[in-house]
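Student: Okay, sequence plus prediction incoming.
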Amino acid sequence: MADEPTNGELGRLIEALRSEMREDLGGLNSRLDRVVPLDVYTIEKQQTVKRLDDLETARKEDAARVTATRRWMIGTVITVVAALLPYLGALVKGAGA
């Protein structure tokens, strides 16, 4: 019988256990406050993927637009040079005569 705790000791042990439980639950609640709910995470991830897809599409459109502009400029320069060659040839022949 000497090994059994007294009622006072049991009360203190129970109170210490309650205190530990409160601290542990408080820590758990503080961590849970920082956790994002799964449905919110899923929606945010879908929006991020959509934004990335939109940016990739815009980048491809811009690249196609730049390529088209370069081709137009090269075509314009070639056309102007081709149109001026006969005139410049006539000027050179006329100056040499």
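Tutor: Structure received. Numbering: from 1, shown residues only.
Student: quick check, distance from stretch 63-79 to the centre of its chain.
Tutor: With Cα atoms, centre = their mean, to the nearest Å as the basis, the distance from the averaged C-alpha position of stretch 63-79 to the chain average is 32 Å.
Student: Could you give the average pLDDT over it?
Tutor: In this model, stretch 63-79 has an average pLDDT of 97.
Student: Identify the residues contacting that stretch?
Tutor: For stretch 63-79, contacts defined as Cβ atoms under 8 Å, 6 or more residues apart in numbering pick out no residues. Backbone N, C-alpha and C define where each C-beta goes, glycine included.
Student: Flag every buried residue along that stretch.
Tutor: Residues of stretch 63-79 classed as buried under the neighbour-count rule (16 or more other Cβ atoms under 10 Å) do not occur.
Student: Restricting to C-alpha, output it in CSV.
Tutor: The C-alpha coordinates for stretch 63-79 follow below in CSV (Å, rounded to 0.1, in the frame of the first residue of the first chain):
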residue,chain,number,x,y,z
ALA,A,63,7.0,35.0,-81.1
ALA,A,64,4.8,34.4,-84.2
ARG,A,65,4.0,38.2,-84.5
VAL,A,66,7.7,39.0,-84.3
THR,A,67,8.5,36.4,-87.0
ALA,A,68,5.8,37.8,-89.2
THR,A,69,7.1,41.4,-88.7
ARG,A,70,10.6,40.3,-89.6
ARG,A,71,9.4,38.6,-92.7
TRP,A,72,7.4,41.6,-93.8
MET,A,73,10.4,44.0,-93.2
ILE,A,74,12.8,41.7,-95.2
GLY,A,75,10.2,41.4,-98.0
THR,A,76,9.8,45.2,-98.1
VAL,A,77,13.5,45.8,-98.3
ILE,A,78,13.9,43.2,-101.0
THR,A,79,11.0,44.7,-103.0
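Student: where are the low-confidence patches of this structure?
Tutor: 1-2, 96-97 (pLDDT under 70).
Student: show me where it has helices.
Tutor: Assignment of helices within the chain using DSSP state H yields the ranges 7-32, 38-96.
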